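Engineer: how would this look folded up:
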Amino acid sequence: MAKEILSRQLFELSRELEFFSEKELTMQIGHPKSYWYITILKELIDNSLDACEVSDIQPDIIIEKTKSHFSVIDNGPGIAHKTIKKSLDFLIRVSDKQFYVSPTRGQMGNALKTVWAAPYVALGSSKIIIKSRGRHHVITTSLDKIRQKPQIEHNSSKDTIVKNGTSVTIHWPDSASLKDEEMDYYYKAPPTVEELISYYAVFNPHATFKFKNKTYAATEKKWSKWRTDMPTSAFWYDEGRLRDLIAAYISLERDGTKPKTVREFVSEFRGLSGTQKQKQVIEGFSGVYLHDLLRGGDINMETATKLLKTMQEHSQPVKPYSLGLVGEDHMRAWIEKYIEIIPESFNYAKRRGVDTGSGGEMPYVIEVAFAVKADTNKNQRIVVTGLNWSPTLGVPADEISDAMAKARIDTHDPVILVLHMIKPRFEFTDRGKTRLSL
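Structural biologist: Numbers count the residues shown, from 1 in each chain. I've put the predicted structure just below:
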């Protein structure tokens with residue numbers, strides 16, 4: 001009798017599906033599924049604020065919520081069709097923040113991808129509508145169960161009504177936001193939509209937020225901060241991060257973008273835009289393109305180190321005050337408007353400094369506001385924390401919790417504590433960038 005033999009076939013499985021699993025999304029987002037609704041809303045608000053600031057537009061953001069969906073509508077420059085299309089390719093990562101070191105909101109680099117994927121994984125279906133720049137986009141997601149591959153349909157048509165700003169609407173029924181697991185995460189349930197919006201208001205004095213019949217009006221229309229379009233500093237990089245940025249530019253070149261010279265690259269850094277400075281830095285690199293720095297298929301690290309050192313020698317570190325400040329007046333105004341406190345209990349402190357312990361010279365700003373509630377019977381402390389003008393969904397570092405414990409600010413105390421930190425680069429301990437190492 002002939003021996004039976006199984007001839008094994010080599011099957012192909014799409015890695016796109018990894019983004020459409022609860023396990024993968026939990027790592028990408030940094031929060032369990034019960035937090036996804038509020039996390040996606042946070043990503044959309046971050047994007048709206050960044051877009052407005054880069055275009056010198058004072059942010060005016062409307063958040064709408066019904067039983068079936070929620071929307072974020074801004075007055076920014078609008079999102080391009082090309083950007084939406086690229087973000088739907090789950091085999092590549094689309095980000096304008098990942099390789100630059102700069103004090104910006106979020107810094108996840110996966111915002112739009114999580115927006116497309118999370119509703120499908122959480123609900124079993126996904127429908128997202130985007131109106132921007134005279135276009136009406138409808139994005140739906142399903143699963144090809146045979147090929148085990150997500151099916152993303154993107155239909156775009158003209159929309160003559162929406163010419164300015166961006167409107168993003170996500171189908172997400174109220175029932176899907178209910179907790180489906182025991183909550184012992186950051187010691188509390190996710191913040192409500194109204195809480196999240198009020199937290200944005202405390203860290204963004206220049207922005208106006210509208211939700212239902214409530215308006216969180218801007219208090220300082222001429223307030224300034226470090227913007228995403230400001231040149232990055234050579235002092236914020238180490239050799240490895242500079243290498244990654246150079247490699248990213250070379251990768252763009254291979255995709256058809258115009259080759260960038262070393263001089264053009266150097267000119268993008270703070271303090272190196274002048275002709276004389278550039279000549280001093282690129283001595284020995286005249287006429288050299290970034291792709292000329294390749295050796296054996298990778299960036300020559302000796303060359304990258306030399307270039308970084310020279311850039312730092314001919315520029316100045318960024319002073320902490322250049323990062324901006326939310327400020328005592330705005331924090332006090334926010335607390336007094338939305339929470340009844342004992343006026344004389346209010347206290348504010350700030351610290352500016354430079355961190356040299358994590359590579360480079362990192363300026364930082366820490367602001368803390370504290371007050372006691374007028375109604376001491378409401379014995380529940382309120383802790384609001386933010387990084388780079390964006391609220392965090394929970395206390396982001398054990399050191400902060402330890403400091404509150406040492407100060408004997410317990411969970412049952414009738415107090416409010418607001419803490420804000422600004423820094424070009426935070427050291428995170430998780431992929432979702434929700435937990436800090438201080």
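Engineer: only C-alpha atoms from now on, for both contacts and neighbour counts.
Structural biologist: Fine.
Engineer: domains in the protein, by residue range?
Structural biologist: As given by automatic domain parsing, the domain ranges for the chain are 15-180, 234-313.
Engineer: looking at the ones you listed, spot the one closest to Thr434.
Structural biologist: Proximity to Thr434 (Cα to Cα) singles out domain 15-180 among these, at 5.9 Å.
Engineer: and the domains of the chain as JSON lines, adding mean neighbour count?
Structural biologist: Putting the domains of the chain into JSON lines (neighbours: other Cα atoms under 10 Å) gives the following:
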{"stretch": "domain 15-180", "mean neighbour count": "18"}
{"stretch": "domain 234-313", "mean neighbour count": "16"}
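Engineer: tell me where the stretch 51-200 of the chain has strands.
Structural biologist: Using DSSP state E, counting those that start in this stretch, the strands of the stretch 51-200 of the chain run over 60-65, 69-74, 126-132, 135-144, 149-158, 166-171.
Engineer: can you add mean pLDDT and distance to Lys113 and give these back as CSV?
Structural biologist: Shown next, in CSV, are the strands of the stretch 51-200 of the chain (pLDDT from 0 to 100; distance: least, Cα to Cα, whole Å):
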stretch, mean pLDDT, distance to Lys113
strand 60-65, 96, 21
strand 69-74, 95, 17
strand 126-132, 94, 12
strand 135-144, 88, 12
strand 149-158, 88, 12
strand 166-171, 95, 14
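Engineer: could those be laid out in JSON lines, adding distance to Tyr199?
Structural biologist: Shown next, in JSON lines, are the strands of the stretch 51-200 of the chain (distance: least, Cα to Cα, whole Å):
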{"stretch": "strand 60-65", "distance to Tyr199": "14"}
{"stretch": "strand 69-74", "distance to Tyr199": "16"}
{"stretch": "strand 126-132", "distance to Tyr199": "25"}
{"stretch": "strand 135-144", "distance to Tyr199": "30"}
{"stretch": "strand 149-158", "distance to Tyr199": "33"}
{"stretch": "strand 166-171", "distance to Tyr199": "21"}
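Engineer: how about those, which one is nearest Glu344?
Structural biologist: Closest among the strands of the stretch 51-200 of the chain, using Cα to Cα: strand 60-65, at 32.8 Å.
Engineer: partner strands of the closest one, with direction?
Structural biologist: The strands beside strand 60-65 in its sheet (DSSP bridges) come out as strand 69-74 (antiparallel), strand 208-211 (parallel).
Engineer: may I have that strand as CSV, with CA atoms only?
Structural biologist: Extracted C-alpha coordinates of strand 60-65, given in CSV (Å, rounded to 0.1, in the frame of the first residue of the first chain):
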residue,chain,number,x,y,z
ASP,A,60,-13.2,76.8,16.1
ILE,A,61,-14.2,73.2,16.6
ILE,A,62,-17.7,71.7,16.9
ILE,A,63,-18.3,68.3,18.3
GLU,A,64,-21.7,66.6,17.7
LYS,A,65,-23.0,63.5,19.2
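Engineer: quick one: which of the strands paired with strand 60-65 is nearest Ile38?
Structural biologist: strand 69-74 (10.4 Å).
Engineer: run through who's touching that closest one.
Structural biologist: 41, 44-45, 48, 59-65, 165-174 (Cα atoms under 8 Å, 6 or more residues apart in numbering).
Engineer: mind running it again at 6 Å?
Structural biologist: With contacts defined as Cα atoms under 6 Å, 6 or more residues apart in numbering, strand 69-74 is touched by 60-64, 165-173.
Engineer: again, but for stretch 321-335
Structural biologist: Lys225, Trp226.
Engineer: list the buried ones in that stretch?
Structural biologist: For stretch 321-335, burial by neighbour count (16 or more other Cα atoms under 10 Å) applies to Leu323, Gly324, Leu325, Val326, Gly327, Glu328, His330, Met331, Arg332, Trp334, Ile335.
Engineer: straight-line length of it, end to end?
Structural biologist: 24 Å (Cα to Cα, to the nearest Å).
Engineer: any idea which of the domains of the chain gets closest to Val365?
Structural biologist: Of those, nearest to Val365 by Cα to Cα is domain 15-180, at 10.8 Å.
Engineer: how distant is that closest one from the center of its chain?
Structural biologist: 13 Å (Cα atoms, centre = their mean, to the nearest Å).
Engineer: one more: stretch 206-220?
Structural biologist: Worked out by Cα atoms, centre = their mean, stretch 206-220 lies 21 Å from the chain centre.
Engineer: same deal with stretch 258-277?
Structural biologist: A distance of 27 Å separates the centroid of the chain from that of stretch 258-277, by Cα atoms, centre = their mean.
Engineer: and the helices in the stretch 151-300 of the chain?
Structural biologist: Here the stretch 151-300 of the chain has its helices, by DSSP state H, counting those that start in this stretch, at 193-203, 239-254, 262-267, 275-281.
Engineer: can I get the CA coordinates of the longest one in CSV?
Structural biologist: These are the backbone C-alpha positions of helix 239-254, laid out as CSV (Å, rounded to 0.1, in the frame of the first residue of the first chain):
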residue,chain,number,x,y,z
GLU,A,239,22.5,59.9,15.8
GLY,A,240,19.9,57.2,15.5
ARG,A,241,16.9,59.6,15.1
LEU,A,242,18.8,61.7,12.6
ARG,A,243,19.6,58.6,10.7
ASP,A,244,15.9,57.6,10.7
LEU,A,245,14.9,61.1,9.4
ILE,A,246,17.4,61.0,6.6
ALA,A,247,16.3,57.4,5.6
ALA,A,248,12.7,58.6,5.5
TYR,A,249,13.6,61.3,3.0
ILE,A,250,15.5,58.8,0.8
SER,A,251,12.5,56.5,0.9
LEU,A,252,10.3,59.4,-0.4
GLU,A,253,12.8,60.0,-3.1
ARG,A,254,12.5,56.3,-4.2
